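>>> Here is a sequence with its predicted model. Questions after.
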Amino acid sequence: MTDHNQPSLGWSREELARRVAVDIPDGSYVNLGIGLPERVARFVPEGREVIYHTENGLLGMGPPPAKGQEDPELINAGKKMVTAIAGASFFHQADSFAMIRGQHIDICVLGAMQISEKGDLANWSTGAPGDIPSVGGAMDLVAGVKTIYVITQHCTKTGEPKLVENCLYPLTGKSVVNRIYSDLAVIEVTPQGFRLVELAPGVTIDDVRRRTAAKLLPPG
Amino acid sequence: MTDHNQPSLGWSREELARRVAVDIPDGSYVNLGIGLPERVARFVPEGREVIYHTENGLLGMGPPPAKGQEDPELINAGKKMVTAIAGASFFHQADSFAMIRGQHIDICVLGAMQISEKGDLANWSTGAPGDIPSVGGAMDLVAGVKTIYVITQHCTKTGEPKLVENCLYPLTGKSVVNRIYSDLAVIEVTPQGFRLVELAPGVTIDDVRRRTAAKLLPPG
Amino acid sequence: MINKCTASLAEAVADIFDGATVMIGGFGEAGSPIELIHALIDQGAKDLTVVNNNTGSGHVGLAALIANGQVRKMICSYPRTTGSEVFPALYRSNRIELELVPQGTLAERIRAGGAGIPAFYTATSVNTPLAEGKELRTISGREYVLEFGLQADFALIKCACADRHGNLTYNKTARNFAPIMAMAAQTTIVQTGALLDLGAIDAEAVVTPGIFVDRIVTVSDPAQESKLVAEGRRYP
Amino acid sequence: MINKCTASLAEAVADIFDGATVMIGGFGEAGSPIELIHALIDQGAKDLTVVNNNTGSGHVGLAALIANGQVRKMICSYPRTTGSEVFPALYRSNRIELELVPQGTLAERIRAGGAGIPAFYTATSVNTPLAEGKELRTISGREYVLEFGLQADFALIKCACADRHGNLTYNKTARNFAPIMAMAAQTTIVQTGALLDLGAIDAEAVVTPGIFVDRIVTVSDPAQESKLVAEGRRYP
């Protein structure tokens, strides 16, 4: 289980972000988690308009600022400097999370430490002593957003499967994940468990199964 | 008990509104109920700045508009056209009542049907069949505002005392009234009951007692 | 592309169904989306539950909707406004239901409905008939009543300016219930005085962000309810 | 006359007492009232409970306040930010308390505290360790956790523009927690980039109405936290 880091297997991070973007319909309101999820914004397919919400108080987040146009008070949830598109709006934290909690955001794309076959998500704490627990808006997002996509490497850096029967890490939310986009495959969380939707080029279902610590149903 | 309507006894409505205004400190945030309370705004003593809140969504309510300056979308809680002072702000209903419920308004001046010696207020419904119950913001105001002043004729149009041992009409709030300004007297609601603070010119404490259906303690 | 503009008032309200809960903005006539209400009268949906602070005046707008027999129940704080005749008559003859809610509780219930808060506690109405039958709880020595969030199938609101994303600004105290109703409804339908280019509304001054808005119709010269009432007008 | 302007930063924070709960605006450095925090370091109040989304970075601003031993407890959602060293070290050695609250629940608790809502239900954190020991309730078939409003003795916030009544506007995402903290604190102390004449702020675009503000100090050229951190600066 160590060959997962071979650059030749599966989607690159860019390809993966692009793959997620394909599944975001025109006109969607989308919240992107910190890190890999942020990249999804770069790949909106031609002809679509997608509105990005960043929970620190902006609807209509645009790309990073041009040199010289940076404003340290115009940032995203990852505290990186961004821009605001025409048609953007600023609001305070309670209004921002009203959008989340009140189910107004269509899709949220999050990173993950573990995802269970029941759709449980763990992405905020290892629970280890000495770990500084930091939750941010993750629990609000999984509780409030209609559709939760996870974008993640299929395994951890040390080769452990992230798709499991039961999460060992403290949960972010129970039965919340709808779909997983990993470097190896697109996988749906169904009432029957994980179901393969699509394989990355050159990857077989057995490649994925070997790296998944739960049952993986074939497409259909 | 029918001589209460003699024009010669006690304060006129204008004098009464002026008397209330004297007790509103500089810099206060004040909400004025519909009707007689609205008149208080006209009598802010020289040198004071008082900010009027109107619960339909305006802080910094100014006097009625000059002819030709009316805007039917700039109204007060009594649905009368008003103006906005320099330094005013508009906000929605939830924010407006956050100011009220969150104890940010210093003083509210309300009308009354009955006030009990424990400070209970009834001012929204007779409870009679066929009466259309209409509460508006009255219950929110008495529950949320720090100081509640009542401005009222001492008796009803038919000569019944409004200051009573126990309210017979449905309550707006329990133990909420701090002070009553009637055409006859200023009366404080104390843990011991009604206590006279000040008599209108020419009115004796016995005049007031005859028109009050509860014990009235002398000043002190 | 996101373009929430709808061709006509009729199209904007076409899918309002019998039995729907409809929030209607406005405090008295300020903010009342009178053209949308008249379109709903033309459309004819019935058995509606309507949430509004009042019950309309005269025989136009909300009062006309009620007079037309389309409203089964009103949820409001102040049904007895000056000039309100239609509702009182129906109410006295038991032909319309009333859920009377204190104005601040009504506002907070709508805001809660829009913000994903299913229930909250408030001191408003404790020890009054309006708290009867409701759950009470003492928190830090004070008594509170449990109130539930309020949601709707549709909201009909009026604003001053909009853009195609649905960002809205309002005119003075016409703002009142519109921003929170836009949050609390499944489908929010807006009549705007003006449609502006995207970016023309300052991002710092947007009152209702577009995420809360579904459909926009431009009504550049809306009727003034009090004027219609003074003229004795009726709709339809 | 209402004039909430205060002569100096020192005067503005003079009465913050030992043991006080202090809400401090900002999400990372955006909106962090760094000059007010430094004035609080000079002032020396200790045993503070501080409410902020994070715990500061480097050795300036909030991190410096914590490093100076003035903070007994942090209430926040994300203590482990990039460049955050002071809090993690103290936390690992049990020298500071942490109440970890999901960001949206933190925001809603502060808003509730300011709006006179003592408690509310939310689905956030249900079935996670952060709901442990909390009261659960099923409403319309979904499980929710009871959360309580949060209030403070003082709020320290930063805004872009203010007038003498305390009406405020903000700069972009620096708005974040400031408007709700201004509502939830007994005494709200504001540092503003500019003090404008009364009436210069459009009444439609006021974000924080003056009723929520107690003191204003003008800091026309505030320090930028990330720049201080990059320069390795320390306070005091």
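All right, it came through fine. Numbers count the residues shown, from 1 in each chain, chains lettered A, B, ... in the order given.
>>> Helix or strand: which one has the residue in chain C that chain B sits nearest to?
Distance from chain B to each residue of chain C (C-beta to the nearest C-beta) is smallest for C:Gly104, at 3.2 Å. (Each C-beta comes from the backbone N, C-alpha and C, glycine too.) Using DSSP states H and E, C:Gly104 maps to helix C:103-115.
>>> ok now do the residue of chain C closest to chain B, which residues does it touch?
By C-beta atoms under 8 Å, 6 or more residues apart in numbering or on different chains, C:Gly104 lies in contact with B:55, B:93, B:96-97, B:100-101, B:137, B:139-140, B:144, C:122, C:124.
>>> All the helices of chain A, in order from the start?
Secondary structure of chain A by DSSP state H: the helices cover A:13-22, A:93-101, A:138-144, A:205-210.
>>> Of all the ones you listed, which one comes closest to A:Lys174?
Closest approach to A:Lys174 among the helices of chain A (C-beta to C-beta): helix A:138-144, 8.8 Å.
>>> Now do the closest one: everything it contacts.
Contacts of helix A:138-144 from elsewhere in the structure, counted by C-beta under 8 Å, 6+ apart, are A:31, A:33, A:55, A:97, A:100-103, A:105, A:108, A:110, A:121, A:123-124, A:148, A:172-173, A:176-177, C:116, D:102-105, D:122-126, D:128, D:130.
>>> now these: which count as buried?
Under a neighbour-count criterion of 16 or more other C-beta atoms under 10 Å in any protein chain shown, the subset of these counted as buried comprises A:31, A:33, A:55, A:97, A:100-102, A:105, A:108, A:110, A:121, A:123-124, A:148, A:172-173, A:176-177, C:116, D:102-105, D:122-126, D:128, D:130.
>>> Select from those every entry located in strands.
Within the buried ones among the contacts of helix A:138-144, membership in strands is found for A:31, A:108, A:110, A:121, A:148, D:122, as judged by DSSP state E.
>>> bridging residues for the fifth one?
I take that to be A:Ile148. When bridges are called by DSSP bridges, A:Ile148 pairs up with A:Cys108.
>>> Setting aside sequence neighbours, what's the nearest residue to residue 39?
In the absence of a named chain, chain A is used. The spatially closest residue to A:Arg39, leaving aside those adjacent along the chain, is A:Ala17, at 3.8 Å (C-beta to C-beta, 6 or more residues apart in numbering or on different chains).
>>> other chain: chain C
Residue nearest to C:Ala39 in three dimensions, not counting chain neighbours: C:Leu9, with 3.8 Å by C-beta to C-beta, 6+ apart.
>>> and the gap between that neighbour and C:Leu65?
14 Å (C-beta to C-beta, to the nearest Å).
>>> higher neighbour count, these two?
Remark: of C:Leu9 and C:Leu65, C:Leu65 carries more neighbours, 25 against 22, as counted by other C-beta atoms under 10 Å in any protein chain shown.
>>> Include mean pLDDT when you put the helices of chain A into TSV, please.
Output for the helices of chain A, formatted as TSV (pLDDT from 0 to 100):
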stretch	mean pLDDT
helix A:13-22	96
helix A:93-101	98
helix A:138-144	98
helix A:205-210	97
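>>> and these, which is most packed in?
Mean neighbour count, computed with mean count of other C-beta atoms under 10 Å in any protein chain shown, is highest for helix A:138-144 among those, reaching a mean of 29.
>>> Can you give the distance of that helix from its chain's centre?
Chain-centre distance of helix A:138-144: 12 Å, with C-alpha atoms, centre = their mean, to the nearest Å.
>>> residue furthest from the geometric center of chain C?
When each C-alpha in chain C is compared with the mean C-alpha position (C-alpha atoms, centre = their mean), C:Gly141 comes out farthest, at 35.3 Å.
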